[in-house]
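Asker: sequence first, predicted model second:
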Amino acid sequence: MYAFNYHRPASLADAAKLLGSATDGKFLAGGQTLLPTLKQRLASPSDLVDLNGIAELNGITVSGGSVTIGATTRHAAVAASAEVKKAIPALAALAGGIGDPQVRNMGTIGGSLANNDPAADYPGAVLGLGATIHTSKRKIAADDFFTGMFETALEEGEIITKVEFPIPKRAGYVKFPNPASRYVMVGAFVAETANGVRVAINGAGPCAFRHKEMEAALAKSFSADALKGIKTDPGSMNNDIHASSEYRAHLVGVIAKRAVQAALG
Amino acid sequence: MTNQGIGQSVRRKEDFRFITGQGHYTDDINRPGQLHAAFLRSPHAFAKIRAIRLDTAKKMPGVVAIYTGQDVAADKVGGLICGWTVKDKKGDPHKAPRHDIIAIDHVRHVGDQVAVVIAQSLSQAKDAAEAIEVDYDVLTPVVDVVTALKPGAPQVHPDAPGNLCYDWEFGDKAATEAAFAKAAHVTRIDLLNNRLSPNPMEPRSAIGEYDPGTDTTTVYTTSQNPHVLRLILCAFVFGLPEHKVRVIAPDVGGGFGSKIFNYPEETVCVWAARKLKKPVKWTSDRTEAFLTDAHGRDHVTHAELAIDKDGKFLALRVDTKANMGAYLSTFASAVPTYLYALLLAGQYTTPAVYAEVKAVFTNTTPVDAYRGAGRPEATYVVERIVEAAARELKMDPVELRKKNFVPVDAFPYQTPVACVYDSGQYAKALDEACKAADYAGFAKRKAESAKKGKLRGIGFCAYIEACGIAPSSVVGSLGAGVGLWESGQIRFNATGSVFVYTGSHSHGQGHETTFAQIVSDKLGVPIENIEVVHGDTAQVPMGMGTYGSRSLAVGGSALMRAADKIIEKGKRIAAHLMEASVDDVVFDKGTFSVKGTDKQVPMAQVAFTAYVPHNYPADLEPGLEASAFYDPVNFTFPAGVHIAEVEIDSDTGVTTVANWVAVDDFGKVINPMIVEGQVHGGIAQGIGQALLEGVVYDKESGQLLTASFLDYCMPRADNLPSYKVGMIETPCPHNPLGVKGCGEAGAIAAPAALMNAITDALGTEEITMPATPLKVWKVIQSRHLAAAAE
C-alpha cells in the first residue's frame, strides 16, 4: 500500500470540498474493493475521504411505499433489518448473500453501486426494483444509473446519499455464483411492481441490464413457465475461464426462472 | 493412562496455541537489526534479460542493497539441486539445467526472480523493486507438455533438447505386449491430471541470520524437513559446514509437500544475510505463493488395459507426459517415476505392467510433490480405466474389482512393478464400503433423482499407496540422493518428565499428540509430562522430515526403538533398586517389578535415580536418555475404498457430492480422531482437484490466469458432504507399531472416485478435472442429457 492522506469529514459539504482540493482523491465507503486494491499496490490515490463519519448517510427507513437505505449502511444491517425483511424480503436476502460476514459487516450499498462491479449483487436489486438513487446533487433513476462496466452516471465528486426502493408486490433474487470467487456469475432480480414487471440480470454482462423480453412474457403470465424458450444473446455476455458467454446466456434463462419461483415463494 | 495411549482419540495438545492465536510461525519471528527482502519478479513467461538498471532504485529511501543474478554468480553460489537422479531409457541421467536463485540471463516463468531488494522496511523494499528497470527480449513461451514436445517448440533450456528432462520406462515391455496380443478386450482411456496449486494457509517465509562471532548461520524457514534443507544448503548450494548452520522450522501452517523443497527465496535470504551481516527476512504474499510455490500433478496420460474373456486383467500399458515446469525442483524427478509407476498395479493381480514417462520442461512454475505425489496420479489412471472397463464389459464395477484383487492369502505379494505389498484385505474394505454407501439402493436413488430432472452417478476407487517412504537401500538404488531413515530421541528429566525429539516435522499433522501417545503408552508417562520437540536442527540431532505419510511409520518406529532402549536401561536401574536380577525385572504400564513378587519401582523413581545416582549400579552410566534410528525394510501399503455419489443439476451443470464413504486400512491407528481428520482433509483436497481446483496458464502469453483465490477455486465447506469414514486394521507386519500412514489417502482416493461418479452420471468418460459446472454443462449439451432428464 502506498501512503495517502486520510480525511473523515462529518458533512457532505466538507467531503465534497476535501475531494475537490485533493490532487487524486477517492471517496472511501466500506472499502471492500478499494482497500484490497490499495493493498495490492494497484492504485495510489493521494487522499482518501472517508464517508463513514457523515451521520445522514447511514440508516434504513421504511415509509409509505418505499424502503430507503442510506449510502453507508452495511450489507449486514440490511440483511438483518426486520423492516426490510417484511417490506422487500428479496432485498434483505440479497444483502445477506453478499460476500462473507466480514464483507457484509463493512461493505455498503453506496460503495457497491458507485463501483458498479459487473459481478456485484446490489445493481440487480436497484435495477430490478426500479429504485431511485439520491446523490449530493440530484436523483437518478436506476435505468439511467448503470452506464457500463465499472461505469455509472455519477459525476466527479458526486456522492450517493441514499437509495429509495419502491416496495413491489413481490420480488425474487437468485444468483449463480462464480465457483471460485463466489461473486455473481449470473444473477436475476425479478419483481412485480406498481409500474409493471421488471427483470434485471447482473453478473452475466459487462453491466446489469433489464431483460425486456422476459419482462413482456412475465407481464402476461408471472410464472417460470412463461420464460420457456426465451433466449439471451451470448454476444452481450461476459466470457472467462469460469463461464463462456454461451453458458452465461443459458444460465440467464435458468436463473431467471428460479428467481420467478423465488418471487412466487 | 488408558485414555491417553495408543488407540485413543486424545485431543490435540498443540491446538490450544493454534486456536488461540499463540502459534509461533516464521513470520512472527523478528530478529534484532532485521532487514526485509522484496523480489522483483518476471512479468514474462519467457524472456532474455538484456539489461537491468538499478540506479534509481538504489537511491530510494531505506535501501541497503540490491542484488541480481550476476551478484550471486560472482559469489560462486551454487544453483538449486534436484535430489533424485532419474536415469532414462538409455541409462543416461536426467537433464537438470541450472536453477539459479536469481535469474541470470533468462527468465523462464512468470514470477521468476530477477532481482532482490534488501531494505530497512518491507514497504521500502517493495518501492525500490518497482523502480528497477529491466529490458527484456520477450520470447514465445510454451506451457503445456504436448506443445513442448512438438518439433520446433520453444526451447526452455538450451541443455534440454526438445524440452525433454527424461524419457523413462518401467516394467516388462515384452510381457505386457504379449499379454495385449492375447487379450479378449482392451479398454483405452485418455486422461489429464490437472495442475494444482498447494495453497497452505501459511505462505512461505524465511529469515537468514549470520553471527560473525561464532561464524554461525541460522535459517528460520517454513520447512517440512529442516535437516534435509540444512544438508542441501551446506553440501550443495553454499559449501558451508553443517555444524555451522542451524535450520529452524517453527510452527508451520500446512505444507502438503510444497514446503519440502529448497526454494530460491530462503536461499537468497541466507546468502544476503551472510553478505550484509544482518538478518534478512522475506515472507511470500499470496500472489507470490501462486507464482512460485511448487505446483502439483500436471500429467497427460494414455492408458490401455488388456482383459481376458473372464474379466481378468492381463496387462496395463501407460504412457504419461509429466510437466516439470521451468526448473527441476528438489524431488520433482521422482514424482512421475518411482512414486507413480510402481503403484500402477493398484490392488490388482495384473501380471504385467509397462509405463513410459516423458518429463518435460515448460515455461511454468516448477512442479513437485503435492499431497500424494505420484500416487494420486497412478490411482487416477488405474481406477478410471478399471471403472471404464467395467462399463465397456457391462460388468458391475465392484465384481470386476473383486475378480482382480490381490487375495488375502497372497501376501507378501510381489507386483510386476517392484513393490512387495505386505498386507491388506481389499475385498473386505470394498464390501464394507458398499454396505456403508448402500450400493444396493443406488438404482432407486438414481430413479428418484431422474424424477427431479437430476442426473445421479456412483463411482468407486480402490486405491493403494506406498508410504512410510524408505527404505534407504531401495530409494538409493532408484536414484535418491539421501537416505530415508528417521531418528528419535527420548530424554527423561530427573523429575520424570520427558522430552521426545523427532526428526520428522509437524505442520498440522498432530505429531505433538500422536508421538506423545506412543511414548506415553510405551513408557507409562502421562502425556502432559511429555514434550515433543521437532523442527530445529540444533535441538533434534538428525532427521529426514515429513512427507509421503512417513512420520509415524518411520519416525514413530524410531521412537519405539528408543523407548525399548530406555526400558532396557531402566530395568538395570530398577533391578539394582529392588536388589533383583535384571532378568527377573519386567516392565508394564510405567512400573518395573520383580516377577513373582510384589516388589515394584515406578518409572519416575528410576528416572530420578538415573540423575541422582547415589544408590546406582557401578557399571552403568548415569542419565536416562536414548537415541534410535529406524530404517524400514519395506514401504507400507495403506489401501482402501472410497465411494462417491453425485447428483448433477442438468440445467446448470452443478455437481453436488451427495454421499461419500471411505473405508481405509491404515494398519494400527494411534489416534482415531487425528486419523479421521487427516482423511477428511485429504478427501477435501481430492474433491478440490476433481471438482474445483486447476491452475490455468494462458497458452499464448504464459501468464498465470489463476493467480488469486478469485480464480483458483479452493474447496469450501459447502462443496463437501459429511463423510462416512470407516476403518479396517490390518497391521503392518514389519514395523513395531503396525502402522501404515494416513496423511495422503484421501487426496489419492478422492479424484478417481468422484470422476467415476460424474462419468457414470453423464454416461461418458470425456470430461476432465476439474469437472466445473461449465464443463459438465457442455457435456450435457453435447449429449442432450438435459432433454432426457426433463
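Answerer: Received it, and whenever you're ready, just let me know what you need.
Asker: would residue A:118 count as being in a helix?
Answerer: No - applying DSSP: H, G, I helix; E, B strand; the rest coil, one finds residue A:118 to be coil, outside a helix.
Asker: now do the contacts for it.
Answerer: A:149-150, A:202-203, A:205-208, A:238 (CB atoms under 8 Å, 6 or more residues apart in numbering or on different chains). Yep, even glycine has a C-beta here, placed from its N, CA and C like the rest.
Asker: touching, residue B:146 and residue B:300? I think so.
Answerer: Yes - with contact defined as CB atoms under 8 Å, residue B:146 reaches residue B:300; the gap is 6.2 Å.
Asker: shared neighbours, the two?
Answerer: Going by CB under 8 Å, 6+ apart, residues that sit against residue B:146 and also against residue B:300 are residue B:321.
Asker: neighbour count for these two, which is higher?
Answerer: Ranked by neighbour count (other CB atoms under 10 Å in any protein chain shown), residue B:146 and residue B:300 place residue B:300 first, with 19 against 12.
Asker: looks like the more buried one contacts residue B:147 (just checking).
Answerer: No - applying CB under 8 Å, one finds residue B:300 not in contact with residue B:147, separated by 10.7 Å.
Asker: element containing residue 38, please.
Answerer: No chain in the question, so chain A it is. Per DSSP states H and E: residue A:38 is located in helix A:34-39.
Asker: oops, chain B please
Answerer: Assigned by DSSP H and E, residue B:38 falls in strand B:35-41.
Asker: how about the residues of the stretch 601-750 of chain B by chain A?
Answerer: B:651-653, B:692, B:696, B:705-706, B:709-714 (CB under 8 Å from any CB of the partner chain).
Asker: got a PyMOL select line for the buried ones in those residues?
Answerer: Applying 16 or more other CB atoms under 10 Å in any protein chain shown to these leaves a buried subset, and the PyMOL line that selects it is:
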select buried, chain B and resi 651+652+653+692+696+706+711+712+713
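Asker: so which residues make contact with the strand or helix carrying residue A:173?
Answerer: Applying DSSP H and E as the criterion places residue A:173 in strand A:170-177. Residues external to strand A:170-177 that are found in contact with it (CB under 8 Å, 6+ apart): A:88-91, A:93-94, A:97, A:121, A:124-125, A:128-129, A:183-192, A:202-203, A:251, A:254-255, A:258-265, B:652.
Asker: neighbours of residue 54, how many?
Answerer: No chain specified, so I'll use chain A. If you count neighbours by other CB under 10 Å, residue A:54 ends up with 21.
Asker: nope, chain B
Answerer: When counting by other CB under 10 Å, one arrives at 19 neighbours for residue B:54.
Asker: so how far is chain A from it?
Answerer: Distance, residue B:54 to chain A, using CB to the nearest CB, to the nearest Å: 20 Å.
Asker: contact partners for that residue?
Answerer: So residue B:54 contacts B:66, B:68, B:115, B:132 (CB under 8 Å, 6+ apart).
Asker: tell me which residues touch residue B:369, please.
Answerer: B:257, B:260, B:294, B:296, B:331-332, B:334-335, B:339, B:547-548.
Asker: ok, 10 Å please
Answerer: Contacts for residue B:369 (CB atoms under 10 Å, 6 or more residues apart in numbering or on different chains) come out as B:198, B:224, B:255-258, B:260-261, B:294, B:296, B:329-332, B:334-335, B:339, B:547-548, B:744.
Asker: and the longest helix for the chain?
Answerer: No chain was given, so I picked chain A. helix A:245-263 (DSSP state H).
Asker: not what I meant, chain B
Answerer: The residue-count maximum for a helix in chain B (DSSP H) belongs to helix B:557-578.
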